[in-house]
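>>> what follows is a predicted structure for the sequence shown.
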There are 2 protein chains.
Amino acid sequence: MNNFSLSDFDSLPLSDRDRLLFDQSNTRLTVKKKSKLLNQGDVCPEIYFLRSGLVKLCYHTLDGKEYIKSFIKEGGMFGSLNSVLNNAGSTFSAIALEDSIVDAVAYTRLLNLLSKYPQLHTASLNFFQQLALKKEMREYELLCLSAQQRYEKFCREEAALMHRIKQTDLASYLGITPVALSRMKNKSQILI
Amino acid sequence: MNNFSLSDFDSLPLSDRDRLLFDQSNTRLTVKKKSKLLNQGDVCPEIYFLRSGLVKLCYHTLDGKEYIKSFIKEGGMFGSLNSVLNNAGSTFSAIALEDSIVDAVAYTRLLNLLSKYPQLHTASLNFFQQLALKKEMREYELLCLSAQQRYEKFCREEAALMHRIKQTDLASYLGITPVALSRMKNKSQILI
DNA sequence: GAAAGTCATTAACCGAGGTTAACAAAGTGA
DNA sequence: TCACTTTGTTAACCTCGGTTAATGACTTTC
C-alpha cells in the first residue's frame, strides 16, 4: 500500500501550469480522532493520502455491527474503489483512530495527470497490482486461518500497531468479538 | 474478471512481426478434469486464459485441507500474482474441474507488448482495478457474512455454476465443511 | 474531583459448525 | 456387469466463538 504516494507526483517533471493545478486541487485536512473521513454509502470520488495519524476502514452492517477491513498508517493511502471506478456509494467508512492529517485529491485530477504523464501509468498500475496482492493476502487469512492464527499473525507482523489499536478494533479486524479476543489472549503464548 | 482477455490483444493493431511473436508465444493446452494447471509453491510466470471448461483456484494447508479461492469460468483468466509480480512461488494451485482448454502466455510477453502498445496500458490497468474490486467483494463476504449468508449469495449470483460444482467444492469455497453445507441446505429456504 | 463514558476481563449459557463415522447414491472402470 | 471410488446425507459428540451481563480500571468532561 505504501509504494505509491503523493511523492510519486512530487518527483514528476510537471509543467508549471500542471504543478499549480495539482497543488491547488490538493486539499489538506486535519481531522480529530473518531471523526469520519468517508461515510459508507456516500459517493466519494477522492483519494486520500495519510500524512500522519491512524485510520480504520470499516463496514457497518444493518444490525449495527462493525467489521474492520484494514488499518491505514501514516504514509498509506485509501479511497473507495467502488466510488472511483463505478461512481457508486462507498462500501465502507473511514474513521480516524488518532488525530490525523490527510491530503485529499479528486480521482479525476489523478486521471488527468495520468493521461498527460505516461510515467504515472507505471506507478498507478503498480499501485493497483500491490492493492490486489494485499487483498489476496487478506482473503487468504480470512479463508484459511482460524481467528487464533490471524491474531498471532497480526501480533507478529504488525507489532508496532498493537499498542495504538483498541482491543475492540483489533477484534473487529480479526472478525471476532472483543470478548473472544480477550479469552484468546489468555490461552495464547503470544501476549500483549 | 472478464473485462480483459486475449481479445484485447486480438483487436490490437500489432505489427506483423509482433503478431507473429505473440501468436507463437501463446501455448494452447487441453487439460483433463482433475489435472493441475498450476501447483502451489511453484514459480509460474504465466497468465492463463480459459477458453472452455471450469477451473478452481485453491489453497492447500499443511494438514491437508483445501480452501477454494475462486472458480474460473470459460472466458475468465488467472495467474499467480505472487509469481508474476514478486517472482515468488504461487500461493495457490489451479485444478481443472472439467475438461478445459486454456491459453498460456508468459507475463514478460505481455509486459513487452505493454511497453510497445500504450493502448494496452488502459486494459491492464482496468484489469487490475477490477481484480482489486473483486477481491474486495470477497473480503467483504468472508469478513461480514455468515456461512449461511455466503451460501445464499452464491446461490443467487452464481446460479449457473451450482450444477457444475461438487458440493464438497462449494463448501470449501464457502469456508465450511461439506457436512455443514449439507445440514445448512436443509434449513435454508433456497434449495439446490 | 465527581460523574459519565469507554475498555478490558470474566463467567454462564447457547448455537453454529467441526469431527468422526456409518450408510446410501451415483459415477467410473476393467 | 460387478467391484471400486467418489459423493452426499445423517447422527452423535465436542469445541469455538457469540451473547449477555456484571465488574473494575481507564479516560474524558464539566
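That came in fine, so what should we check first?
>>> how would you label residue A:43: helix, strand or coil?
Classification of residue A:43 using DSSP: H, G, I helix; E, B strand; the rest coil returns coil.
>>> show me how far stretch A:42-62 is from its chain's centre.
Taking Cα atoms, centre = their mean, to the nearest Å, one finds stretch A:42-62 lying 6 Å from the centre of the chain it belongs to.
>>> and stretch A:117-124, by the same measure?
Relative to its chain's centre, stretch A:117-124 lies at 21 Å (Cα atoms, centre = their mean).
>>> can it be found next to chain B?
Yes - residues of stretch A:117-124 are located near chain B by Cβ under 8 Å from any Cβ of the partner chain, namely A:118, A:121, A:124. C-beta: built from backbone N, CA, C; applies to glycine.
>>> stretch A:162-170 vs DNA strand C: in contact?
Yes - using Cβ under 7 Å from any atom of the strand, stretch A:162-170 reaches DNA strand C at A:166-168.
>>> among the residues of stretch A:117-124 next to chain B, which ones are in helices?
Using DSSP state H, the subset of these located in helices is A:121, A:124.
>>> give the buried subset of the residues of stretch A:117-124 next to chain B as a ChimeraX selection command.
Remark: buried members of the residues of stretch A:117-124 next to chain B, expressed as a ChimeraX selection using 16 or more other Cβ atoms under 10 Å in any protein chain shown:
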select /A:121,124
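>>> what about residue A:117, how many residues close to it?
For residue A:117, the tally of surrounding residues (other Cβ atoms under 10 Å in any protein chain shown) stands at 16.
>>> so which of the residues of stretch A:117-124 next to chain B is the closest to DNA strand C?
DNA strand C has its nearest neighbour among the residues of stretch A:117-124 next to chain B in residue A:124, at 35.9 Å by Cβ to the nearest atom of the strand.
>>> mind checking how far the closest residue to DNA strand D within chain A is from chain B?
Nearest to DNA strand D, among the residues of chain A, is residue A:180, at 2.9 Å (Cβ to the nearest atom of the strand). Taking Cβ to the nearest Cβ, to the nearest Å as the measure, residue A:180 falls 15 Å from chain B.
>>> tell me how many other residues surround residue A:86.
12.
>>> once you drop chain neighbours, what's closest to it?
Nearest residue to residue A:86 in three dimensions, chain neighbours excluded: residue B:133, at 7.8 Å (Cβ to Cβ, 6 or more residues apart in numbering or on different chains).
>>> same deal with residue A:59?
Counting by Cβ to Cβ, 6+ apart, the residue nearest residue A:59 is residue A:67, at 4.7 Å.
>>> my guess is that neighbour contacts residue B:143. True?
Yes - here residue A:67 reaches residue B:143: they are 4.8 Å apart, a contact under Cβ atoms under 8 Å.
>>> on that earlier part again, in CSV, list the residues of stretch A:117-124 next to chain B along with pLDDT and distance to residue A:80.
Output for the residues of stretch A:117-124 next to chain B, formatted as CSV (pLDDT from 0 to 100; distance: Cβ to Cβ, whole Å):
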residue, pLDDT, distance to residue A:80
A:118, 75, 26
A:121, 77, 22
A:124, 79, 16
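>>> JSON lines for the residues of stretch A:117-124 next to chain B, including distance to residue B:112?
Below are these laid out as JSON lines (distance: Cβ to Cβ, whole Å):
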{"residue": "A:118", "distance to residue B:112": "17"}
{"residue": "A:121", "distance to residue B:112": "16"}
{"residue": "A:124", "distance to residue B:112": "20"}
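>>> which ones are touching the residue of chain A found nearest DNA strand C?
DNA strand C sits closest to residue A:167 of chain A, with a gap of 3.0 Å, by Cβ to the nearest atom of the strand. Shown in contact with residue A:167 (Cβ atoms under 8 Å, 6 or more residues apart in numbering or on different chains): A:178, A:181-182.
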